[in-house]
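Trainee: Any chance you could fold what I've pasted below:
(3 chains)
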Amino acid sequence: MTTLRFDDIRKTFGTTVALEEFSLDVREGELVSLLGPSGCGKTTALRVAAGFETGDRGSVHLSGNEITRVPAHKRNMGMVFQSYSLFPNLSVAQNVEFGLRTRKVRTEERRRRTMAVLDLVQLASLADRYPHQLSGGQQQRVALARALAIEPAVLLLDEPLSALDAKVRTTLRDEIRRIQTEIGTTTLFVTHDQEEALTISDRIAVMSEGRIEQLGTPMQIYRQPSSGFVARFIGSLNEIPAISKGPGRIEVAGRDYAVDHTHPIGASLSLLIRPEDTRLDPTGFAGTVVNSHFQGAATRIVVRVDTIDSLVEVHGVGDDLTSLQPGARTAVDFERSRAVCEARSI
Amino acid sequence: MNRRLRSLLGIFGRRFVPTMVLIVSFLFFLAPLVTLARFSLQNVPTILLGWSTLFDKWSLSGLTRAFSDPNFWPSLSLTLRLTLGTVALTMLVVVPTAIWVHLRLPRLRSTIEFLTLLPYMIPAIAMVAGIVVVKPHVRWFLNSDLSLIPFYAVLALPFTYRSIDAGLRAIPLRVLVDASRSLGGGLASTIMKVLVPNLRAALISASFLTAAVVIGEFTIANTLLKETLPRFQATYVGREPQGGYGLNLLAILVTVALFVILNRLTRRKTTPRRPYLTHDSSFEEQPRATTLIGEGL
Amino acid sequence: MLAGSSPSAGIHGGHADGVTPISRVRTWRARPWLGVVPFLLFLVLFLFIPALSVFYNALRTTRGWSLTAMGEAMTGQNLEAFRFSVTFSAGAALVGVGFGVLLAYAAATARRPTWLRGLVSSFSGVAANMGGLPLAFAFLSLLGRQGVVTKILGAMGWDIYSGDFTLGSVNGLIIVYSYFNIPLMVLVTLPAIDGLRPSWREACSNLGGTTWTYWSRIGLPVLLPSILGGFLLLFAISFSAYATAAILTDNSKIVPLRIGFFLGGDVRIGESAVGYSLAAWMILIMGVAMSLYWVARRRSEKWQS
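Mentor: As a prediction, this is how the structure comes out:
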């Protein structure tokens, strides 16, 4: 039962706080993504798990055993770096078997396991090539094979796809997920790409400034963002200025609405609502179409609402949307149950 | 080995030894310069040097004594002219060639690079031996003092080519040339107005390296009996030891000053690449001159 | 063409109306190597001709071509000289490599002060090019018979000139040559050390390797081409250095000096071929050394990218 647990980790670099009260439980066989913008601490958390950094405070546990003071080379974790981590003077096969050699596995078994894991990433035919002869995608697959060959307790991936072309990124992403579920390794995946995180994770930890803003399944993160930050970071978002009329009521552009929130009366708010939860409604707020983009699966309309003077995006399907031209008059309304209210600083 | 001992050795290796190495190196490289300065600027023979006489008879006259020798100024003038000529010739020959190779003959790049290593294979003394062989046939050419210029340019070639090559690699050459040409620029104006400003560091360091080679070149000048500054330096010391040493000190000081100016002129705008820290090296900035001098090898 | 822009000579050489004759365009496009002809001409005139002349004189006798002189240049006293020069240059190169790598590593890994690495790199750039006369005189003032350090050591009871040490002896020259050999090695090694990515170190550690594992299986092997290349470069430079040695000694066992003597002294007609043979052999040895250096450098560049 390999579980990874971070317990209240704090890590500073000089005056910068990289991690603050960082606690996370990764369950067996689960893939948890650490998602956030640059500098949010996600890579630091990964490196703390790997043993390359030690927290100023807090502890790390592997299957119940505390490993906070265990040196990196004894932790039995497999790590895939962002790029260029293959040893240039060793062939693909020699790279992959590196961890097995340090563990003094016998030659026959080493060979067998190396070829097995190279088969897994479908690169067995390139076993004798050298890293500089491989493409970026191939290199990362070798890196993955190298990390998996040692049958690690935990798999750590530090933005493994960021340096690759878009097309390669999607194929490799799905492959990583497929292999991970097949082998069942507990995995921690760091990325700044929300689409990546949403696609492959069992759970996502959205991070900002050293803290976990929200931890949940992809569906939860997307549908029920717990804060403005999470809502903005994932997917697209409309922000509409409003005023609180007390808990549960707000005023938007002169109209009263019942929206779930707890802000005091008179507080300035931003109403956050996703474009899919915004619709064209003749009884809604009048506005003028600014732009209309047919994107195949859905149509994206940008409307300038008269009374609020902000741009509102509407995503939807249907001929009523696709036929709208810039300059046309229309009206928008939103799904109140999906809205989140956030205090707005003037 | 227990942990305490191991970590102590680690600290020893990682902190103490490197620091000692740096300090010892610092002393080793500074000492000769210090004693050179002492000899030229202090009129106390070494035998009499002691704690009591340590601060006696210092003056700057040693530096400038050479100036009063009648042979000094002509030799300085010749060396300066040779320097300018060699730098000019290098720019005229090497820069267009390097650009051309980068643009039109990328497959020949490694061959050309190998060619620029040939001057190493044919060191100055061998080269001058060869020159002596053909001397009778080209007396009209070799009689001129300035005939040294092309040979000096050859001697400097490994440094200069590598320098300019590195500079070219750091700029998006193809894009710049295409952009310039699409806007109507011809070959000459492309080079002068677009490429040269972007290659500033490389060109300056190539010039500096050339100058260093010319100012220090002794072998060929000596054999061909051209009265350059190094030749003067060699003979003058016999006549006036202090003045001679002072002249050498001056040469070193001028070289260092040139170098400092060079560095200032090519100061990088982004932070230079740092080892052992993670960084994102997407677009390479124009390399700093000191790096280019190092790359001239 | 933009209105108002001056019709410029295009890269193909054009006419005032911007139209280039087809024949000219074809020439440039079809034969791009024409562009390097000036450069090649320059090399031929001022490098190849002197070099070939050396071989010409080495192989030519009054009766035609002959290898006698080349043979003679490698026997007896001449062979002694080559042996001496080769061992001496190798020794100087080894010293340079050893200390150079140490210094480069010390400078590369030093965090504080932050300007240290830049200083070492800059200084190495200057010192590596410092050779010849100023260097010789500087060391004369340091370790010569009237040198300051000589005097200090003498006062402490150690007369360094009591044996057969002089600045012109093997040990003396090695010390002096180190002044440019070590910085040269630093300049070669620093980029190589930079090329050692931190992710390799971490990956090695992550896979169970210790510091020893890293250096023995990855670090040193990756650095090896650069180190070997540096050795060859230092060897070549030490072997062919003339000016510094000329000031410090008249030891005819140093091949460049020996050639100098042949060139400058009274030389009878027959003997000059031997002198040129010495130079020819020197070119061959340097050729081998620099070719090996070339190979090593290509290899190290491949891994540094």
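Trainee: Got the confidence number for the residue nearest the centre of chain C?
Mentor: Central residue of chain C (CA atoms, centre = their mean): residue C:237, 3.8 Å from the mean position. Among the per-residue scores, residue C:237 holds a pLDDT of 91.
Trainee: pLDDT of stretch A:252-261, averaged?
Mentor: Stretch A:252-261 comes out at a mean pLDDT of 82.
Trainee: Go through that stretch and flag the buried ones.
Mentor: A:252-253, A:257, A:259, A:261 (16 or more other CB atoms under 10 Å in any protein chain shown). Where C-beta positions appear, they are placed from N, C-alpha and C, glycine not excepted.
Trainee: and these, which two are the farthest apart?
Mentor: A:253 and A:261 (16.9 Å; CB to CB).
Trainee: Quick one: find the helix or strand in chain B with the lowest mean pLDDT.
Mentor: helix B:289-295 (a mean of 47; mean pLDDT, DSSP states H and E).
Trainee: related to what we said a few turns ago, what about the residue nearest to the centre of chain C, distance to residue B:245?
Mentor: 25 Å (CB to CB, to the nearest Å).
Trainee: low-scoring stretches of the stretch 151-300 of chain C, by residue?
Mentor: Applying pLDDT under 70 to the stretch 151-300 of chain C flags residues C:265-271.
Trainee: in it, which spans are helices?
Mentor: C:170-194, C:198-206, C:211-214, C:220-240, C:243-248, C:255-264, C:269-304 (DSSP state H, counting those that start in this stretch).
Trainee: could the ones you listed go into TSV alongside distance to residue C:101?
Mentor: Listed next are the helices of the stretch 151-300 of chain C as TSV, based on distance: least, CB to CB, whole Å:
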stretch	distance to residue C:101
helix C:170-194	6
helix C:198-206	18
helix C:211-214	16
helix C:220-240	6
helix C:243-248	23
helix C:255-264	27
helix C:269-304	14
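Trainee: Could you say which one of those comes nearest to residue A:162?
Mentor: helix C:198-206 (13.5 Å).
Trainee: Phi and psi next, for residue 114.
Mentor: All of this refers to chain A. With angles defined as degrees, to the nearest 10, residue A:114 sits at phi -60, psi -50.
Trainee: I was after chain C.
Mentor: Torsion angles, degrees, to the nearest 10, at residue C:114: phi -70, psi -20.
Trainee: Rebuild the helices of the stretch 151-300 of chain C as JSON lines, extending it with distance to chain A.
Mentor: Below are those laid out as JSON lines (distance: least, CB to the nearest CB, whole Å):
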{"stretch": "helix C:170-194", "distance to chain A": "12"}
{"stretch": "helix C:198-206", "distance to chain A": "4"}
{"stretch": "helix C:211-214", "distance to chain A": "6"}
{"stretch": "helix C:220-240", "distance to chain A": "5"}
{"stretch": "helix C:243-248", "distance to chain A": "37"}
{"stretch": "helix C:255-264", "distance to chain A": "36"}
{"stretch": "helix C:269-304", "distance to chain A": "4"}
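Trainee: Just tell me which of those ends up closest to residue A:58.
Mentor: Across the helices of the stretch 151-300 of chain C, closest to residue A:58 is helix C:198-206 (CB to CB), at 21.1 Å.
Trainee: Return the list of helices and strands in contact with that closest one.
Mentor: strand A:77-80, helix A:136-149, helix C:211-214 (3 or more CB pairs under 8 Å, 6 or more residues apart in numbering or on different chains; DSSP states H and E).
Trainee: which of the ones you listed sits most buried?
Mentor: Stretch with highest mean neighbour count among these: strand A:77-80 (a mean of 27; mean count of other CB atoms under 10 Å in any protein chain shown).
Trainee: anything in it near chain C?
Mentor: Yes: using CB under 8 Å from any CB of the partner chain, strand A:77-80 reaches chain C at A:77-79.
Trainee: Any chance you could list what contacts that strand?
Mentor: Residues from elsewhere that reach strand A:77-80 (CB atoms under 8 Å, 6 or more residues apart in numbering or on different chains): A:46, A:49-51, A:99, A:140, A:143-144, A:146-148, A:150, A:152-158, A:160, A:185, C:202-203, C:206-207.
Trainee: Let me know whether the helix or strand following it sits next to chain C.
Mentor: Downstream of strand A:77-80, the first helix or strand assigned by DSSP states H and E is helix A:92-96. No: using CB under 8 Å from any CB, helix A:92-96 stays clear of chain C, with a minimum separation of 9.0 Å.
Trainee: Can you list which of the buried residues of stretch A:252-261 are found in strands?
Mentor: Among those, the ones falling in strands (DSSP state E) are A:252, A:257.
Trainee: Adding distance to residue B:132 as columns, could you present the buried residues of stretch A:252-261 in a markdown table?
Mentor: As requested, the buried residues of stretch A:252-261 are exported to a markdown table (distance: CB to CB, whole Å):
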| residue | distance to residue B:132 |
| --- | --- |
| A:252 | 96 |
| A:253 | 96 |
| A:257 | 100 |
| A:259 | 97 |
| A:261 | 96 |
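Trainee: Which one of the buried residues of stretch A:252-261 is nearest to chain C?
Mentor: residue A:261 (45.8 Å; CB to the nearest CB).
Trainee: unless I'm mixing things up, the residue nearest to the centre of chain C is touching residue C:181, no?
Mentor: Yes: counting by CB atoms under 8 Å, residue C:237 does reach residue C:181; the two are 7.2 Å apart.
Trainee: Quick one: the helices in chain A, in order.
Mentor: Ranges of helices in chain A, per DSSP state H, are A:42-50, A:92-96, A:98-102, A:107-120, A:136-149, A:166-183, A:194-200, A:218-223, A:228-233, A:319-322.
Trainee: can you dump the C-alpha coordinates of the fourth one into CSV?
Mentor: Going back to what we said before, that points to helix A:107-120. Taking C-alpha atoms only, helix A:107-120 is exported to CSV below (Å, rounded to 0.1, in the frame of the first residue of the first chain):
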residue,chain,number,x,y,z
THR,A,107,22.6,-8.7,-15.6
GLU,A,108,20.0,-11.2,-16.9
GLU,A,109,17.2,-9.7,-14.9
ARG,A,110,18.3,-6.2,-15.7
ARG,A,111,18.1,-6.9,-19.4
ARG,A,112,14.7,-8.5,-19.0
ARG,A,113,13.2,-5.6,-17.0
THR,A,114,14.7,-3.0,-19.2
MET,A,115,13.2,-4.5,-22.4
ALA,A,116,9.9,-5.0,-20.6
VAL,A,117,9.6,-1.4,-19.7
LEU,A,118,10.9,-0.2,-23.1
ASP,A,119,8.1,-2.3,-24.6
LEU,A,120,5.7,-0.5,-22.3
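Trainee: Contacts for that helix, please.
Mentor: A:92-93, A:96-97, A:100-101, A:105, A:124, A:126-127, A:142, A:145, A:148-149, A:179.
Trainee: most surrounded residue in the residues you listed?
Mentor: residue A:96 (30 neighbours; other CB atoms under 10 Å in any protein chain shown).
Trainee: what's near enough to touch that residue?
Mentor: A:114, A:117-118, A:142, A:145-146, A:149.
Trainee: For those residues, give me a markdown table that also has distance to residue C:248.
Mentor: A markdown table is the format used below for the contacts of residue A:96 (distance: CB to CB, whole Å):
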| residue | distance to residue C:248 |
| --- | --- |
| A:114 | 58 |
| A:117 | 62 |
| A:118 | 61 |
| A:142 | 55 |
| A:145 | 59 |
| A:146 | 55 |
| A:149 | 59 |
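Trainee: nearest to chain C, of those residues?
Mentor: When the contacts of residue A:96 are compared against chain C (criterion: CB to the nearest CB), the nearest one is residue A:146, at 7.2 Å.
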